[in-house]
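K.L.:
Let me see the structure of the following:
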Amino acid sequence: MSKKAFIFPGQGSQFAGMGKDLADNFKKAALVFEEADDALNFKLSRLCFDGPEEDLRLTANTQPAILTASIAALRVLEEETSLKADFMAGHSLGEYSALVAAGAIKFADAVRTVRARGTFMQEAVPVGVGSMAAILGVEPEVLAEICSEAAQGEVVAPANFNSPGQIVIAGNSGAVNRAIEIAKGKGFRKAMLLPVSAPFHCALMIPAGERLAGVLEPVVVSPLTVPVVTNVEASANSDAGRVKELLVRQVSAPVKWDASVGAMIAAGVDKFVEIGPGKVLAGLVKRIDKSIATSNVQDQESLRALIQEGL
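P.N.:
Presented below is the predicted three-dimensional model:
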């Protein structure tokens, strides 16, 4: 029996204009942007549609913006097709979109929460103190040794296991820079700093997680209609009682995207639909397993292409 997964993008997929095509042409999408504007008391919709890019890149804006564009696309997909998912998953921030899609968290609660999450993650580490880098072609065990050698009393650790041979590290800027040099010295030439504003998914984010726990406390978590494969455990969770704990841990724990996709494939998923801006995750799925079918929904054109596939 063929199974499908809906996957939702995280930070880095944003662009000015995202969601506008759907909001202009589908009432369901326009209502999602209106709900976000009301929940946040500012015109997030204008920022998504018109930019400027530098404001959209601010973490406290990026996170609710991508969530909103993703849920707008989901609502249109739900209205225009009968496609159903057997699993939901999202990359980092995208896990909130997955939880909204699974009926666990109301959209307005999620958009307010990720606005706070972005603020807390940015404030946890002053600009310039932390950074992230991609190391390509390296095995996890070798990278662990590189990070251990580079730390020298500071923090540096794997933050995103994206696909085989693509791992992102995060930590104090000095330690991250040392890790890049050590990696290059070992022959891993493709080791480069990433243009991000904070070192996400490492121990430096623990204070952000503690503050996030306070924001999540009053949020109602409903029973999940579809299991969500979590970043922290790379396994399916259907227990509403564990959702908040996993979201708090997620802020400072590495994103196990490679293993999450692997777990869904092992459970029978042979089709992944990326919902929201960009095609980053669909690309990662293909790197993990070339035989798996992928699609994305972010505008009318991609929606039409999905419908034409006869799904």
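K.L.:
For the rest of this, base every contact and every neighbour count on C-alpha atoms.
P.N.:
Will do.
K.L.:
Could I get the buried residue list for the helix ranked longest in the chain?
P.N.:
If you go by DSSP state H, the chain has its longest helix at helix 59-80. Buried positions in helix 59-80, judged by neighbour count with 16 or more other CA atoms under 10 Å: 59-77.
K.L.:
Next: stretch 251-260.
P.N.:
251-260.
K.L.:
Identify the residues contacting stretch 184-193?
P.N.:
Contacts to stretch 184-193, defined as CA atoms under 8 Å, 6 or more residues apart in numbering, come from residues 131-138, 177, 180, 183.
K.L.:
can you list those residues in CSV and add secondary structure and distance to residue 35?
P.N.:
Listed next are the contacts of stretch 184-193 as CSV, based on DSSP: H, G, I helix; E, B strand; the rest coil; distance: CA to CA, whole Å:
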residue, secondary structure, distance to residue 35
131, strand, 34
132, strand, 33
133, strand, 35
134, strand, 36
135, strand, 39
136, strand, 40
137, coil, 43
138, coil, 43
177, helix, 42
180, helix, 43
183, helix, 46
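K.L.:
Farthest-apart pair in those residues, please.
P.N.:
131 and 137 (20.0 Å; CA to CA).
K.L.:
Which one's more surrounded, the two?
P.N.:
The neighbour count for residue 131 versus residue 137, taken as other CA atoms under 10 Å, is higher for residue 131 (25 against 16).
K.L.:
mind checking how far that one is from residue 301?
P.N.:
36 Å (CA to CA, to the nearest Å).
K.L.:
thinking again about what came up before, I'd like the next helix or strand past the longest helix of the chain.
P.N.:
Past helix 59-80, heading to the C-terminal end, the next element that is a helix or strand (DSSP states H and E) is strand 87-90.
K.L.:
tell me what that next one is packed against?
P.N.:
Counting contacts by 3 or more CA pairs under 8 Å, 6 or more residues apart in numbering; DSSP states H and E, strand 87-90 is packed against strand 3-8, helix 94-101, strand 228-229.
K.L.:
How far away from the center of its chain is the longest helix of the chain?
P.N.:
12 Å (CA atoms, centre = their mean, to the nearest Å).
K.L.:
So for that helix, mean pLDDT?
P.N.:
Averaging pLDDT along helix 59-80 gives 96.
K.L.:
list the helices and strands that helix packs on?
P.N.:
helix 20-25, helix 27-40, helix 44-50, helix 53-56, helix 94-101, helix 107-124, strand 269-275, strand 293-297.
K.L.:
what packs against the second one?
P.N.:
Packed against helix 27-40 by the contact rule (3+ CA pairs under 8 Å, 6+ apart) you find helix 20-25, helix 44-50, helix 59-80, helix 107-124.
K.L.:
buried set for that helix?
P.N.:
Those would be 28-30, 32-33, 35-37, 39, for helix 27-40 by 16+ other CA under 10 Å.
K.L.:
neighbouring contacts of it?
P.N.:
19, 22-24, 43-45, 68-69, 71-73, 75-76, 108-109, 111-112.
K.L.:
could you dump it to PDB, C-alpha only?
P.N.:
Extracted in PDB, the C-alpha atoms of helix 27-40 (Å, rounded to 0.1, in the frame of the first residue of the first chain):
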ATOM      1  CA  LYS A  27      -9.900  32.600  -0.400                       C
ATOM      2  CA  LYS A  28      -8.700  29.800   1.900                       C
ATOM      3  CA  ALA A  29      -5.100  31.000   1.500                       C
ATOM      4  CA  ALA A  30      -6.000  34.700   1.900                       C
ATOM      5  CA  LEU A  31      -7.800  33.900   5.200                       C
ATOM      6  CA  VAL A  32      -4.700  32.200   6.600                       C
ATOM      7  CA  PHE A  33      -2.600  35.400   6.000                       C
ATOM      8  CA  GLU A  34      -5.400  37.500   7.600                       C
ATOM      9  CA  GLU A  35      -5.400  35.200  10.600                       C
ATOM     10  CA  ALA A  36      -1.700  35.600  11.000                       C
ATOM     11  CA  ASP A  37      -1.900  39.400  10.800                       C
ATOM     12  CA  ASP A  38      -4.600  39.400  13.500                       C
ATOM     13  CA  ALA A  39      -2.700  36.900  15.700                       C
ATOM     14  CA  LEU A  40       0.500  39.000  15.600                       C
END
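K.L.:
buried sites along stretch 222-230?
P.N.:
222, 224, 226-230.
K.L.:
So which residues of the stretch 101-250 of the chain form strands?
P.N.:
130-136, 156-163, 166-172, 191-193, 228-229, 236-237 (DSSP state E, counting those that start in this stretch).
K.L.:
Packing partners of the longest one?
P.N.:
What it means is strand 156-163. For strand 156-163, the packing partners by 3+ CA pairs under 8 Å, 6+ apart are helix 140-151, strand 166-172, helix 173-185, helix 257-266, helix 280-288.
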